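S.K.: Compute the structure for the input listed below.
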Amino acid sequence: MGVEREPGQEPLEVLLSRVGAAVTRHRRRQAARHGLTPTAIAVLAALDAEPEPGSAPSHRELAARLGLSPATLTPVVDALEAAGEIRRERDRTDRRVVRLHPTSAGRTHLAGVQSPSNLPRPAPEIEPALRAYLLAVLAAVEAEE
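M.R.: The predicted structure is shown next:
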């Protein structure tokens, strides 16, 4: 038999896994309420984060940024384009490259999805340390893959 622990006292690896799974379920529910998938939200958020209109990513660049294959991203981009959330535009200097841009409808939709969540936020003074820890765990896990 294993060691009995008080609730919330499990090893951090177990707690991280439980929290990650719970947050994933929460994000899926949030996305579904807005008729989107978590991947579609990630696409809209990544496109919305572009600082300058001329810096729109290509399909391939966006896939790499999101850690997806271009083939996996294609149906998501197709659906977002069909819904009027994003638009494709040929690069002016290299016509083989297609750049992705959010539309005003996409930005509005994203703002609604990203409205404050009911998930708790860490205290501002501990957020940098918590973020650094989570990024270190992520890097260690990804290094093993």
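S.K.: Tell me the pLDDT of residue 31.
M.R.: In this prediction, residue 31 carries a pLDDT score of 86.
S.K.: what helices or strands is the host helix or strand of it leaning on?
M.R.: Element membership for residue 31 (DSSP states H and E) is helix 12-33. Using 3 or more Cβ pairs under 8 Å, 6 or more residues apart in numbering; DSSP states H and E as the contact definition, the elements that helix 12-33 packs against are helix 38-48. Every C-beta, even on glycine, is put in place using the N, C-alpha and C of the backbone.
S.K.: other SSEs contacting whatever helix or strand comes next after the helix it packs on?
M.R.: Of the helices and strands lying after helix 38-48 in sequence (DSSP H and E), the nearest is helix 59-66. If contacts are counted by 3+ Cβ pairs under 8 Å, 6+ apart, helix 59-66 sits against helix 38-48, helix 70-82, strand 98-102.
S.K.: Distance of the residue positioned nearest the centre of the chain relative to residue 126?
M.R.: Nearest to the mean C-alpha position of the chain, counting by Cα atoms, centre = their mean, stands residue 42 at 3.5 Å. Taking Cβ to Cβ, to the nearest Å as the measure, residue 42 and residue 126 are separated by 26 Å.
S.K.: can you give me how far the helix or strand containing residue 88 is from the chain middle?
M.R.: The secondary structure element spanning residue 88 is strand 86-90 (assigned by DSSP H and E). Distance of strand 86-90 from its chain centroid, counting by Cα atoms, centre = their mean, to the nearest Å, is 20 Å.
S.K.: nearest to residue 137, of the helices and strands packed on helix 59-66?
M.R.: Nearest to residue 137 among the helices and strands packed on helix 59-66 is helix 38-48; the distance by Cβ to Cβ comes to 19.9 Å.
S.K.: now the strand holding residue 88: mean pLDDT?
M.R.: Per-residue pLDDT over strand 86-90 has a mean of 93.
S.K.: Any figure for the gap between the residue lying closest to residue 56 once chain neighbours are set aside and residue 49?
M.R.: Counting by Cβ to Cβ, 6 or more residues apart in numbering, residue 99 is the residue found nearest to residue 56 once chain neighbours are left out, at 4.1 Å. Between residue 99 and residue 49 the computed distance is 15 Å (Cβ to Cβ).
S.K.: Alright, calling it a day.
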